[in-house]
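Novice: Give me a 3D structure for the following:
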Amino acid sequence: MTASTADLSSSTLDFRLAEAEGDGGVSFTSRTLVVAGWAGRDRESVQAHIRELEALGVKPPRRTPLFYKLAPSLLTTAATIQVVGEASSGEVEAVVLRSEDQLWVGVGSDHTDRKLEVVGVTISKQVCAKPIGVALWRFEDVEPHWDELELRSYVHVDGARRLYQQGSVSTLHSPSDLVARFRQEGGAFEPGSAMFCGTVPVHGEFQYADQFEIELHDPVLGRTLSHRYRVDILPIQD
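Specialist: From the prediction side, this is the model:
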């Protein structure tokens, strides 16, 4: 990830197109970064999740979905991120990015500090980098069959790899719906904007892992976006 010396609030990332007809390049300067939280379509499931987290001390959202605006410089394609302490974990999500003339889709991880989540959800997200894979699809190529896409993630702990998340994006609001709701609330999704579009439940409890793997699978076109990143833990100095 590189940042302009004139504007440290943005970052410029180089992506490639993952398409059957060949690869091309996309240079994307991130100026707005939004994470859509509580983005499930089924209200009862969302409320059940809210109650679970509330029991752990996490303050319930004012409304759902709720849009967290973060520093765009957090977006990164790096293979390693650094976090403070051992209480953070990843969440696989589809990510939509708007360039000057196109809407793109990638796969990312809303890496979050779970200990700070009790203090404030926005803070817990802001303190962690937001990894995203280097390959993108054109949104127009997957929009007609969006609900067929699948999210998966894996964790690596002490050398062992296991499935951590798996589910259909059909359980979440579509990117078009989320962007429309964000704009209705006064948000601007102009060129240079990126939005994380919600995640699927974990298998078991939150897992603090050495490595995370994330995937967005398209069974209709038979292709997968993927990314793997390591977590470098920095010590907490009291």
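Novice: Select the longest strand from this protein.
Specialist: strand 223-234 (DSSP state E).
Novice: Name every strand pairing with that strand and say which way it goes.
Specialist: strand 80-84 (parallel), strand 211-218 (antiparallel) (DSSP bridges).
Novice: Out of those, which is closest to residue 25?
Specialist: Minimum separation from residue 25 across the strands paired with strand 223-234 (CB to CB) falls at strand 211-218, 19.8 Å. From N, CA and C alone the C-beta is placed, and that goes for glycine too.
Novice: hmm, back to that, buried residues, the longest strand of the chain. List them.
Specialist: Neighbour-count burial for strand 223-234 flags 223, 224, 225, 226, 227, 229, 231 (criterion: 16 or more other CB atoms under 10 Å).
Novice: what's the closest non-adjacent residue to residue 194?
Specialist: Nearest residue to residue 194 in three dimensions, chain neighbours excluded: residue 97, at 4.7 Å (CB to CB, 6 or more residues apart in numbering).
Novice: so the nearest residue to residue 75 once chain neighbours are set aside bridges to which residues?
Specialist: Counting by CB to CB, 6+ apart, residue 75 lies nearest to residue 30, which is 4.7 Å off, once chain neighbours are set aside. Residue 30 forms beta bridges with residue 11, as assigned by DSSP bridges.
Novice: shouldn't residue 83 be in contact with residue 128?
Specialist: Yes. Residue 83 lies in contact with residue 128 (CB atoms under 8 Å); the separation is 5.9 Å.
Novice: more crowded one of the two?
Specialist: Neighbour count, other CB atoms under 10 Å: between residue 83 and residue 128, residue 128 has more, with 23 against 19.
Novice: buried ones in the element among helices and strands of the chain having the smallest mean pLDDT?
Specialist: The weakest-scoring helix or strand in the chain, judged by mean pLDDT, DSSP states H and E, is helix 43-55 (a mean of 79). By 16+ other CB under 10 Å, the buried positions in helix 43-55 come out as 46, 50, 53.
Novice: again, but for stretch 91-105
Specialist: Going by 16+ other CB under 10 Å, stretch 91-105 has these buried residues: 91, 92, 93, 94, 95, 96, 97, 98, 99, 103, 104, 105.
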